[in-house]
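A.B. asks: 3D, please:
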Amino acid sequence: MAYVCRECGYRSLKWFGRCPSCGSWGTLEEVTEAEPRSARKRAEPMSWLGEEPRPLPQVPSSPLKRLSTGFPEVDRLLGGGLIPGAVILFGGEPGVGKSTLLLQIAAALARHHGSVLYVSGEESAPQVKLRAERLGIEEGRLYLFAEQSLPRIVAAVEEISPLALVVDSLQTVLARANGGEVGGIQQVREAAAEIARLSKLRGTASFLVSHITKGGGFAGPKTVEHIVDVAIYLEGVREADLRILRSVKNRFGSTNEVAVFKMSDCGMEEVANPSLFFLSRDRGAKPGSAIVPVLEGTRTMLVEVQALVSPTKYGPPQRRTPGLDYNRVLVLLAVLERYLGVHIGMSDVYLTVAGGFEVREPALDLGIAAAVLSSLYNQPISPDTVVLGEIGLSGEIRPVRKAQERLKEVEKLGFRRAILPDQDIKGKVCLELVRAKTVSEACEALNLGG
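C.D. replies: Predicted coordinates for the structure are as follows:
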């Protein structure tokens with residue numbers, strides 16, 4: 001009998017309320033040892049992939065061949081496509097559309113590349129087929145298998161030899177009968193390790209669906225995230241149709257990429273131009289609104305920052321910032337009070353990004369400040385103007401990365417003016433560029449003042 005922390009994998013012979021390794025509370029769970037330690041020591045160590053150590057020059061360097069998932073947005077998120085043998089941890093809240101999107105990806109892979117095995121541990125095969133019929137999927141090389149036993153899943157993989165495997169979900173897989181309850185830390189870890197070994201051995205790309213905890217992280221031990229090659233989240237609100245696929249770990253590409261989808265009756269549909277989706281269709285001049293070009297990985301997207309500043313009628317002033325960094329907003333409000341002399345300490349300030357998008361980029365600072373001042377003075381910003389720049393604690397506007405790429409996207413969408421930091425822009429941009437060194441200069445350029 002032993003206790004293992006589900007956050008960091010720390011093992012102890014006695015229970016602790018707080019993990020001595022990572023400091024998390026209530027994370028030690030009881031696990032049952034499969035066999036005595038002495039027996040494990042006498043056992044012959046099993047090779048992971050059956051290969052022998054070789055000098056680096058003797059290791060063959062095969063070209064990296066990526067497979068298209070049928071979704072260009074997903075291909076870009078993965079770094080250019082799906083790599084054979086890659087293990088992908090796929091997370092998201094219940095009902096957000098994980099199974100729908102993976103079933104569409106599995107169908108596209110089966111249609112263009114070869115057989116795919118879709119293992120469902122939460123639904124029966126007829127239930128999965130019902131969803132497939134709703135999505136119009138009738139691929140003969142897509143195999144459905146309702147199973148929770150890991151040995152049977154491994155046997156099915158060896159029999160079918162699929163190029164891709166989908167396990168929905170990892171928490172339902174039973175690695176072995178005496179490994180504890182289904183979904184426990186020991187079962188999840190052993191199942192993930194075995195599927196990863198099988199994927200590397202056979203060159204099968206594997207998607208492992210994982211549940212999400214209350215804290216918004218992957219359920220199960222942290223060691224599962226270390227085992228996989230890619231970890232991605234599907235985010236969104238179930239009542240809305242917007243879905244955002246975000247990469248948090250990627251051994252084959254950038255971890256800053258996002259893919260935007262829209263849930264419809266026919267399944268997940270890619271949003272080809274997210275900027276048009278996040279911007280208001282009515283781009284008339286209105287107070288409290290600022291357009292900012294932000295970077296998500298290699299993609300430039302235009303988002304609309306909306307602000308509402310209202311005098312506090314009762315109680316302490318309220319600050320609400322969904323989609324934005326709350327602490328960063330407090331710092332920006334303090335900078336505005338200090339260097340512009342505005343009085344918002346006794347006013348409620350509500351900030352959001354239109355469309356439910358979450359942005360944590362420093363280049364959004366000037367857009368937040370402009371939206372707040374626009375609402376405070378009830379003076380709209382010209383609808384053909386964008387703002388971008390990081391604001392320092394002394395009120396200066398600092399340069400942003402890849403400013404030229406941002407301005408190119410701004411130009412494509414018909415904007416004519418940009419307020420930006422005083423930095424060099426390489427290449428020709430058909431925009432009126434207004435450079436500002438301080439917040440006060442940017443405020444003057446936007447004609448915002450009391």
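A.B. asks: what comes up buried for stretch 64-82?
C.D. replies: 66-71, 73-79, 81-82 (16 or more other CB atoms under 10 Å). C-beta here means a position set from N, CA and C on the backbone, and glycine is covered the same way.
A.B. asks: Can you get me the start-to-end distance on that stretch?
C.D. replies: 10 Å (CA to CA, to the nearest Å).
A.B. asks: same question, stretch 315-335
C.D. replies: Termini of stretch 315-335 sit 24 Å apart (CA to CA).
A.B. asks: buried residues in it?
C.D. replies: Quick answer for stretch 315-335 (16+ other CB under 10 Å): Thr321, Gly323, Leu324, Asp325, Arg328, Val329, Leu332, Leu333, Val335.
A.B. asks: what about the residue nearest to the fifth one when sequence neighbours are not counted, helix or strand, and which?
C.D. replies: Once flanking residues are discounted, Arg328 sits nearest to Asp365: 7.5 Å by CB to CB, 6 or more residues apart in numbering. Secondary structure here is read from DSSP states H and E; on that basis Asp365 sits in helix 365-377.
A.B. asks: Which strands or helices does whichever helix or strand comes after that helix pack on?
C.D. replies: Using DSSP H and E, the next helix or strand after helix 365-377 towards the C-terminus is strand 385-387. Here strand 385-387 touches strand 289-296, helix 365-377, strand 417-421, going by 3 or more CB pairs under 8 Å, 6 or more residues apart in numbering; DSSP states H and E.
A.B. asks: Just send those back as CSV, with mean neighbour count and distance to Ala146 too.
C.D. replies: Listed next are the helices and strands packed on strand 385-387 as CSV, based on neighbours: other CB atoms under 10 Å; distance: least, CB to CB, whole Å:
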stretch, mean neighbour count, distance to Ala146
strand 289-296, 25, 37
helix 365-377, 26, 49
strand 417-421, 23, 55
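A.B. asks: Format the ones you listed as TSV; extra columns: mean pLDDT and distance to Val154.
C.D. replies: Shown next, in TSV, are those (pLDDT from 0 to 100; distance: least, CB to CB, whole Å):
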stretch	mean pLDDT	distance to Val154
strand 289-296	92	38
helix 365-377	96	51
strand 417-421	95	56
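A.B. asks: Make JSON lines from the ones you listed and add distance to Ala231 to it.
C.D. replies: Converted to JSON lines, these look like this (distance: least, CB to CB, whole Å):
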{"stretch": "strand 289-296", "distance to Ala231": "17"}
{"stretch": "helix 365-377", "distance to Ala231": "29"}
{"stretch": "strand 417-421", "distance to Ala231": "34"}
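A.B. asks: among these, which is nearest Val167?
C.D. replies: Smallest distance to Val167 across the helices and strands packed on strand 385-387 (CB to CB): 28.3 Å, for strand 289-296.
A.B. asks: Show me where the stretch 101-250 of the chain has its strands.
C.D. replies: 116-120, 142-146, 164-168, 205-210, 230-236, 242-250 (DSSP state E, counting those that start in this stretch).
A.B. asks: ok, Arg320 - contacts?
C.D. replies: Residues near Arg320 by CB atoms under 8 Å, 6 or more residues apart in numbering: Val349, Tyr350, Leu351, Thr352.
A.B. asks: tell me the phi and psi of it?
C.D. replies: Backbone geometry at Arg320, expressed as degrees, to the nearest 10, gives phi -130, psi 130.
A.B. asks: how about low-confidence regions in the stretch 351-450 of the chain?
C.D. replies: Scanning the stretch 351-450 of the chain for pLDDT under 70 picks out 450.
A.B. asks: That's all I had, so thanks and see you.
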